[in-house]
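Undergrad: What shape does this take:
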Amino acid sequence: AMGVRTYEEECKYVKQVDGTCYRIDKGFVDNMRVPGVFYVNQQIKELLFDELKQFSKTSGAAAGMGGFLPAMKQLANVAALPGIVGKSIALPDVHAGYGFAIGNVAAFDMSDPEAVVSPGGVGFDINCGVRLIRTNLFEKDVEPVKEKLAQAVFDHIPVGVGSQGIIPTNSNDLEEALEMGIDWSLREGYSWPEDKEHCEEYGRMLQADPRKVSSRAKKRGLPQLGTLGAGNHYAEIQVVDEIFDARAASQMGIEEKGQVVVMIHSGSRGLGHQVATDALTAMDKAMDRDNIRTNDRQLSCARIDSQEGQDYLAAMAAAANYAWVNRSSMTFLVRQAFAKVFQSTPDDLDMHLIYDVSHNIAKVEEHMVDGNIKKLLVHRKGSTRAFPPHHPLIPVDYQFTGQPVLIGGSMGTCSYVLTGTEKGMEETFGSTCHGAGRALSRNKSRNNLDYKDVLQVLQDKGIAIRVASPKLVMEEAPESYKDVTQVVDTCQAAGISNKVVKLRPIAVIKG
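TA: Just a heads-up that it's a prediction; the model follows:
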């Protein structure tokens, strides 16, 4: 490997392209096939450069967040993977992760026999994602019963680390759910037909094969179906705080400030984690066999058309389907809770699904690369698909506005709804940010904060809170994260997504 460079030498490879965009040139790490690109504002930029500076000081010991390489190095190492096209892209919420940084988008050419798929480019929580449900209620309707409503949602949804689902499922149901995704929920009566239309992939990846999911993964997944889990997952009751694009908001059924919506953020629980772990193990062997070299051991990968590559994609799709079933079950339970508290029906409360997005997934898509349409495997880890108006893969309802993009903020701050843009399609493979992005590792957060203080701050803001594992709350304290408003504003300035609505929480339900 190269001799360790000073911080100043490292910086020579990083050039500012425009107000929000920086480029990392080839040579920043070995074997880069394409440049790296990242989108930042002044404050976020400083976080990334500071991380690089610390790394240079420790002469290249992985002293980054959670013991990972700095995000800039990770971005560049991904740019060295076989079959990558265009550029390795990081969004403003980027932070170091396993192999790939969280907030990295990378696309691989399906027609290149060397091109790879890498589980680290999807993440351990496969199809971690966000959905938003609207209501015809207003803050004034909810305020008097806010605590009661938060309690009802908490009582209906199983939450927490080891929580078990209350929707009865046996191993046969699980097999079907893995294969069918939201179609299983529809058949069992937990979902509305309109919900399917408003899901990315229509809530079902057809290449799913439950046989490729290990029995260990199924064992972990069975009891957790329809549960929220801990960590950064939550259900929030929110109100519309600002409307930036009235036409797009209206298409989503958001008409005015003060309107109440529900956001659910969750993934594939232990099942997805096990699928990722299993694939990394299998791919380590395949890399030796196929002589695939990467700059970082964590960038374990396999050729897309190898047995290991195909097995992973089939298992990943099954885990993605599990996550959609999970969010559908929770939607059913949230609708029940609201109906109970307001002595009404979910239908009369107009509890329609606005949209459901995934932000940890790899998908086959068509994009323009150097003037040609190419079939690519796009890895989005901590990044959200953001397709522009008139794209064939977005629902009829959103053809004129562009795909809704749901951005969950850190606990008790605020969230956003954006739409995709044509520029994003050209610059970032139709992708934008996914949330606030960590500024402190989980361990640092735990050491710096007391959970009672964190909960008190939320209470002082008038936010009702129900938490199953209060000790885990420090990791999710807003202090541990970047400011989500800065993140979406940076994406807006870069032209890769468009702000539609700002939401603020009035109740938080967490694992």
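Undergrad: alpha carbons only for contacts and neighbour counts from here, please
TA: Noted.
Undergrad: Correct me if wrong: C414 contacts L503.
TA: Yes: C414 lies in contact with L503 (Cα atoms under 8 Å); the separation is 5.6 Å.
Undergrad: Those two: which has the busier surroundings?
TA: L503 (27 against 21; other Cα atoms under 10 Å).
Undergrad: List the contacts of the more buried one.
TA: Q238, V239, V240, D241, E242, C414, S415, Y416, V417 (Cα atoms under 8 Å, 6 or more residues apart in numbering).
Undergrad: what about it, which SS state?
TA: strand (DSSP: H, G, I helix; E, B strand; the rest coil).
Undergrad: start the count at 293, not 1, going forward
TA: Sure, I'll start numbering at 293, so the last one becomes L795.
Undergrad: possible to save the contacts of L795 as TSV with secondary structure and pLDDT?
TA: Formatted as TSV, the contacts of L795 follow (DSSP: H, G, I helix; E, B strand; the rest coil; pLDDT from 0 to 100):
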residue	secondary structure	pLDDT
Q530	strand	98
V531	strand	98
V532	strand	98
D533	strand	98
E534	strand	98
C706	coil	95
S707	strand	97
Y708	strand	98
V709	strand	98
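Undergrad: Check the residue sitting nearest the centre point of the chain and give its pLDDT.
TA: With distances taken as Cα atoms, centre = their mean, H651 lies nearest the centre of the chain, 2.7 Å away. Looking at H651, its pLDDT is 96.
Undergrad: List the contacts of it.
TA: N419, C420, G421, V422, R672, K673, G674, S675, T676, R677, H726.
Undergrad: didn't the third one look like it was pressed against H557?
TA: Same thing as G421. Yes: if you go by Cα under 8 Å, G421 and H557 touch, sitting 5.7 Å apart.
Undergrad: When those two are compared, which one has more neighbours?
TA: G421 (29 against 24).
Undergrad: Now do the same contact list for the more buried one.
TA: H557, S558, G559, D648, V649, S650, H651, N652.
Undergrad: so which of those comes closest to R589?
TA: N652 (20.4 Å; Cα to Cα).
Undergrad: Please check the contacts of L795 and keep the buried ones.
TA: Buried by 16 or more other Cα atoms under 10 Å: Q530, V531, V532, D533, E534, C706, S707, Y708, V709, out of those.
Undergrad: Dig out what the third one forms beta bridges with.
TA: Put plainly, it is V532. V532 has these beta-bridge partners by DSSP bridges: L795.
Undergrad: how near is it to V552?
TA: 7 Å (Cα to Cα, to the nearest Å).
Undergrad: ok, now which ones touch the residue nearest to L750 when sequence neighbours are not counted?
TA: Counting by Cα to Cα, 6 or more residues apart in numbering, G704 is the residue found nearest to L750 once chain neighbours are left out, at 6.4 Å. G704 is in contact with L750, I755, P770, R796, P797, V800, counting by Cα under 8 Å, 6+ apart.
Undergrad: Could you find the lowest-pLDDT member of the residues you listed?
TA: Where pLDDT dips furthest among those: P770, at 81.
Undergrad: That one: neighbouring residues, count only.
TA: Neighbours of P770 using other Cα under 10 Å come to 21.
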